[in-house]
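S.K.: sequence first, predicted model second:
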Amino acid sequence: MHSLPRLIITLTTFVMGLQAVCAHAEWFTVEEPIMGTAVSAQFWHDDNARGTALKQQVIDIMQDVDQRMSPYIDTSEVSQLNTYAYKKPVTVSDDLFAILQKAAWISSISAGTFDITFASIGYRYDYRKGERPSQDDIQHSLAAINYQHIVLDEQHKTVRFLHPEVRIDLGGIAKGYAVDSAIEMLQESGVNHAVVAAGGDTRILGDKRGKPWMFGIRHPRKPDDHAVIMPLTQVAISTSGDYERYFMDGDERVHHIIHPTKGTSATGMRSASVLTQKSIDADALSTTVFVLGVEKGLNLINGLPDTEAILIDEAGKLHYSDGLLRQRSTQPTSHKQLPQP
């Protein structure tokens, strides 16, 4: 169940021979601030003009998703839903409908732990100003936080809200969708080696021309350090952490990952990283596992095919899903790159 056939986490050192390449072949790199985070892509292409055009296409995809999925842009599809979906069914694009279906599935397998209606109270938090809603506001808004308040009509591609104060936010799933879209575009364009990232969401296509991509999971309390470094190929990985958007209220860290049944920042974890085949799944599952905590989160991951997780709890201790533990146990001690849990 956890073999991850396309995921390569090799813990041995090896040397690869040099490969002859076309004189015009090169790595293309692009980075832009989009969707409130850093978006980047690196890929190999043997045609300079085509590679340059593909860089712009990656940016175009990311900007398109932002324009249509952001709750902070009045003309976006999500904003239109938040304004009108309680009053009447709202027709949405096929891709937004697919994202909402995926969100509903993650909600169902996690008993509502992943819930895009968290925004019904989440929008009242201002992490830049260090402001949060009162306890009375939180209690009032809890009735609106329930993914079952969202009714999807697949035949007509419409969305309806069943509670007047429901709001949705796709921050825990839309970046993963955007990363997948960019990777799929590159793959269809003949690219075989690429990495695309949007904030904590990364998807790797192939390898780095004969060697794995070295990927680091950020240390949640040391911004310039990594808690884990591992070689990866052909996989998506997403990390949700309490260090991404937060402010301190005394000794309390108030961060953006909201517990849907409490309306406050989830506790017990510092970061949750999920590895699987698509970024949309890794994105949503990393948020889900963060809220669930170590025991329930690993139980969920261990029951999903081709899916693994690396968790850091509130004490800074590392925890691994079963498949990764098995991989660690089969490697020589001197070559282990995953720290002991």
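M.R.: Good, I have the coordinates.
S.K.: hang on, Trp105 in a helix?
M.R.: Yes: using DSSP: H, G, I helix; E, B strand; the rest coil, the assignment for Trp105 is a helix.
S.K.: quick check: Asp224 vs Met248, distance?
M.R.: Counting by C-beta to C-beta, to the nearest Å, the gap from Asp224 to Met248 is 20 Å. (Glycine included, C-beta is placed from N, CA and C.)
S.K.: more neighbours: these two, which one.
M.R.: A direct count of neighbours by other C-beta atoms under 10 Å for Asp224 and Met248 places Met248 higher, at 10 against 6.
S.K.: next secondary structure after the helix or strand hosting that one?
M.R.: In the assignment (DSSP states H and E), Met248 maps to strand 246-249. Sequence-wise, the next helix or strand downstream of strand 246-249 (DSSP H and E) is strand 252-255.
S.K.: and that following strand, what's its mean pLDDT?
M.R.: In this model, strand 252-255 has an average pLDDT of 96.
S.K.: I'd like the next helix or strand past that strand.
M.R.: strand 269-276.
S.K.: now that next one, how far from the centre of its chain.
M.R.: 9 Å (C-alpha atoms, centre = their mean, to the nearest Å).
S.K.: just stretch 164-183 next, same as before
M.R.: Worked out by C-alpha atoms, centre = their mean, stretch 164-183 lies 9 Å from the chain centre.
S.K.: now do the buried residues in it.
M.R.: Within stretch 164-183, the residues scored as buried using 16 or more other C-beta atoms under 10 Å are 166-183.
S.K.: pull the CA atoms of that stretch into CSV?
M.R.: The C-alpha coordinates for stretch 164-183 follow below in CSV (Å, rounded to 0.1, in the frame of the first residue of the first chain):
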residue,chain,number,x,y,z
PRO,A,164,-26.3,32.4,5.1
GLU,A,165,-22.9,33.0,6.7
VAL,A,166,-20.9,30.3,4.9
ARG,A,167,-17.7,31.5,3.3
ILE,A,168,-15.1,29.3,1.6
ASP,A,169,-11.4,29.7,1.1
LEU,A,170,-9.3,27.3,-1.1
GLY,A,171,-6.0,28.3,0.4
GLY,A,172,-5.5,24.7,1.5
ILE,A,173,-6.0,23.1,-1.9
ALA,A,174,-5.9,25.6,-4.8
LYS,A,175,-2.1,26.1,-4.8
GLY,A,176,-1.7,22.3,-5.2
TYR,A,177,-4.1,22.4,-8.1
ALA,A,178,-2.1,25.2,-9.7
VAL,A,179,1.1,23.3,-9.3
ASP,A,180,-0.4,20.2,-10.9
SER,A,181,-1.7,22.3,-13.8
ALA,A,182,1.8,23.7,-14.4
ILE,A,183,3.5,20.3,-14.2
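S.K.: quick one on the thing from earlier: helices and strands around the strand holding Met248, which ones?
M.R.: strand 252-255 (3 or more C-beta pairs under 8 Å, 6 or more residues apart in numbering; DSSP states H and E).
S.K.: who does the strand it packs on pair up with?
M.R.: strand 246-249 (antiparallel) (DSSP bridges).
S.K.: pull up the pairing partners for the longest strand belonging to the chain, direction included.
M.R.: Identified as the longest strand of the chain according to DSSP state E is strand 222-232. Strand 222-232 has the following strand partners under DSSP bridges: strand 213-219 (antiparallel).
S.K.: name the residues that touch the strand holding Met248?
M.R.: Tyr127, Gly130, Arg132, Arg253, Val254, His255, His256, Ser265 (C-beta atoms under 8 Å, 6 or more residues apart in numbering).
S.K.: how about stretch 83-91?
M.R.: 80-81, 151, 153, 156-164, 166.
S.K.: how many residues are close by Thr52?
M.R.: Neighbour tally, Thr52, other C-beta under 10 Å: 12.
S.K.: name the element it belongs to?
M.R.: Using DSSP H and E, Thr52 falls in helix 48-69.
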